[in-house]
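> Turn this into a structure:
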Amino acid sequence: MRLKESILYLPGIIGQDTNQVVVQKRIIVYTTILMSAAGVIWAILYFLFSEPYPAVIPISYSVFSLLNLLGLYIGKNYRSFRFIQLLLTLFLPVLLMISLGGFISGSAVVLWGLITPIGALLCCPFRQALYWFAGYVMLVIISGFVQPYIRLGNNLPDSFILSFFVVNIVVVSSVVFFLLNYFVGQKDKIIDLIRKNSELEHAYLKQEVILQQSEKLATLGKLSAGLAHELNNPASAAKRGAEQLRDILGKLQNAHFRLGEISLSELQIMIIENMNKLILEKSRKPVELDPLRRNDLEFEIEKILENSGIKNAWEHSPVIVNLGLTKEELTELISNFSNLEFPVIIDLLGSNHSALTLLEEINHGSTRISEIVKALKSYTYMDQAPVQSIDIHEGLDNTLVMLRSQLRMGINVIREYSPNLPRITAYGSELNQVWTNIIDNAITAMGGKGKLILRTYAKDQWLFVDIVDSGPGIPEDVQSKIFDPFFTTKAPGEGTGLGLNISYNVVTKKHHGDLSVYSKPGETCFRVKLPLNNNAVSHKQKEEKVYKDQ
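Predicted structure coming up:
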């Protein structure tokens, strides 16, 4: 059973009290009861030795103390009870000493006044305890001044005075000793608590690093799946193009051999050169036609080629259409060559077009792969310092590249970038993780379909990034919890509950900014606020370096 629960029957104890406060209240209440009982015994002894006036003082103390306890029980005002009790304990010894004839005759009873500052030190703030101690010192000094003017002697036997003198010294000294022992024990507990807190802090920091790494790995795993798809498409296209190009080069080489067997006029050579230029141009920018129109043109061209003695007309008709030649232009081209020459020419032009088109596809695929790798390297800030001057727009765009496979499903991305947004000093890779976490959550919330707005602007020495989605919104009772660790609304196994917590810590603790959310049905906005002044982040980097060196 807890300490508070075991003594809630004591007057003045309330449910909000900590264990330490309960102990303090317990001590002063029990001390009051004991000293009240001692006051009664004290008074009886004085009456027995014919000292009625000194006897009134301890009995009055007992009566007032009991009334004070009753007031505490009824009014539950502990502070008033404490003040009155300390005041009674401060003045009782001085009055008793004066009534008994001074320091010696009073058996050094003034020492009991020391209980007041000690009790105040135990139960009050230090400043209040200091005031009580000053009051005790002043009363001792006053007692010294009034000593010559008070009556000397009393009816108490010398043995009684000596016994009380010893008792006063021993009891007060014992109280001081045990209270000092209590404070020393508290000091040792505090030191041990500080040590344990330090160990827990280091363990927490270590665990936080592990959790951040786990979240990064989870994010990396999610990105890897998308990147694998993004890289696979252009890689497959480049591989397929290279395999097809091998066959086309054979056909192109054969066409050149056949071309060398026939004699062409200068006009015919010029026509072939012009066609090759047209082929080079169209391989980079083919003619755009709707499927139905393209199919009709290919059918018409195929008939013309068949009538000209071309056996594999179905292979060459798409080439003629891609070059943008009309039926009239094709007929004119055919008229410049004999029936033996044109099949060779059309094979040459068709193979050349196919080869250049495949080269363009390979170039496009390899360029796309290069762009993804470049974006990935920039996204992770590989081989770069953790803190540096970064372009927020570049980080957002690289994040979109990483999440392209998810965005492709039906999400319209709208960039509302400020044209003059300044660069800031920041942890680039960790900010990119923030963008990834928020955008990925937005994609999940929208179910893969909707509108995603990325908005940036600067205002009053702050840089703002708003990430807005058209999802169903976040319920009000959830909004206050979304940055808590391990809190997630996703199904078990779909989220760690650390993404937004880590994002919040990255923004607020590492960059001294702010991350907030505003949500209503149909619109949710995560707002990242970062300082334009880089001094805070730079100072943080120095602190981390010193910590690592230690």
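> how distant is stretch 313-320 from the center of its chain?
Stretch 313-320 sits 61 Å away from the centroid of its parent chain (C-alpha atoms, centre = their mean, to the nearest Å).
> quick one: the helices in the stretch 451-550 of the chain?
Ranges of helices in the stretch 451-550 of the chain, per DSSP state H, counting those that start in this stretch, are 476-479, 499-505, 535-549.
> Correction: the previous question concerned the stretch 101-250 of the chain.
Counting by DSSP H, counting those that start in this stretch, the stretch 101-250 of the chain has helices at residues 115-123, 126-146, 158-260.
> what's Gly106 in contact with, if anything?
Gly106 is in contact with 96-100, counting by C-beta atoms under 8 Å, 6 or more residues apart in numbering. In this view, the C-beta of every residue, glycine as well, is placed from N, C-alpha and C.
> Which of these fall within strands?
Judged by DSSP state E, strands contain none of the contacts of Gly106.
> how does this structure divide into domains?
3-156, 234-371, 386-549 (automatic domain parsing).
> Take those and lay them out in a markdown table including distance to Lys189.
Below are the domains of the chain laid out as a markdown table (distance: least, C-beta to C-beta, whole Å):
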| stretch | distance to Lys189 |
| --- | --- |
| domain 3-156 | 11 |
| domain 234-371 | 62 |
| domain 386-549 | 28 |
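> picking up where we left off before, out of the contacts of Gly106, who's the most crowded?
Met97 (29 neighbours; other C-beta atoms under 10 Å).
> Next, work out how far apart the closest residue to that residue other than its chain neighbours and Leu359 are.
Of all residues not flanking Met97 in the chain, Gly106 sits nearest, at 3.5 Å (C-beta to C-beta, 6 or more residues apart in numbering). Distance, Gly106 to Leu359, by C-beta to C-beta, to the nearest Å: 115 Å.
> And Val140, by the same measure?
Counting by C-beta to C-beta - Val140 and Leu359 are separated by 106 Å.
> now do Ile372
Here Ile372 is placed at a distance of 21 Å from Leu359 (C-beta to C-beta).
> Next: Leu72.
Applying C-beta to C-beta, the value for Leu72 to Leu359 is 96 Å.
> and what of Pro475?
For Pro475, the distance to Leu359 (C-beta to C-beta) stands at 55 Å.
> do Gln186 as well
Gln186 is 83 Å from Leu359, by C-beta to C-beta.
> With neighbour numbers in mind, choose between the two.
Of the pair Gln186 and Leu359, Leu359 is the one with more neighbours under other C-beta under 10 Å, namely 16 against 12.
> Now mean pLDDT and distance to Ile169 too, for the domains of the chain, in JSON lines please.
Listed next are the domains of the chain as JSON lines, based on pLDDT from 0 to 100; distance: least, C-beta to C-beta, whole Å:
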{"stretch": "domain 3-156", "mean pLDDT": "80", "distance to Ile169": "6"}
{"stretch": "domain 234-371", "mean pLDDT": "77", "distance to Ile169": "91"}
{"stretch": "domain 386-549", "mean pLDDT": "81", "distance to Ile169": "54"}
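> okay, now Pro422: neighbour count?
Counted with other C-beta under 10 Å, the neighbours of Pro422 add up to 11.
> is it true that it touches Asn533?
No: here Pro422 does not reach Asn533: they are 10.8 Å apart, not a contact under C-beta atoms under 8 Å.
> my guess is Phe78 meets Lys25, correct?
Actually, residue 78 is Tyr. It isn't Phe. Yes: between Tyr78 and Lys25 there is a contact at 6.2 Å, judged by C-beta under 8 Å.
> just checking, which of the helices of the stretch 101-250 of the chain sits deepest inside the structure?
Among the helices of the stretch 101-250 of the chain, the stretch with the highest mean neighbour count (mean count of other C-beta atoms under 10 Å) is helix 115-123, at a mean of 21.
> list the helices and strands that one packs on?
helix 19-48, helix 78-100, helix 126-146, helix 158-260 (3 or more C-beta pairs under 8 Å, 6 or more residues apart in numbering; DSSP states H and E).
> Okay then, goodbye and thanks.
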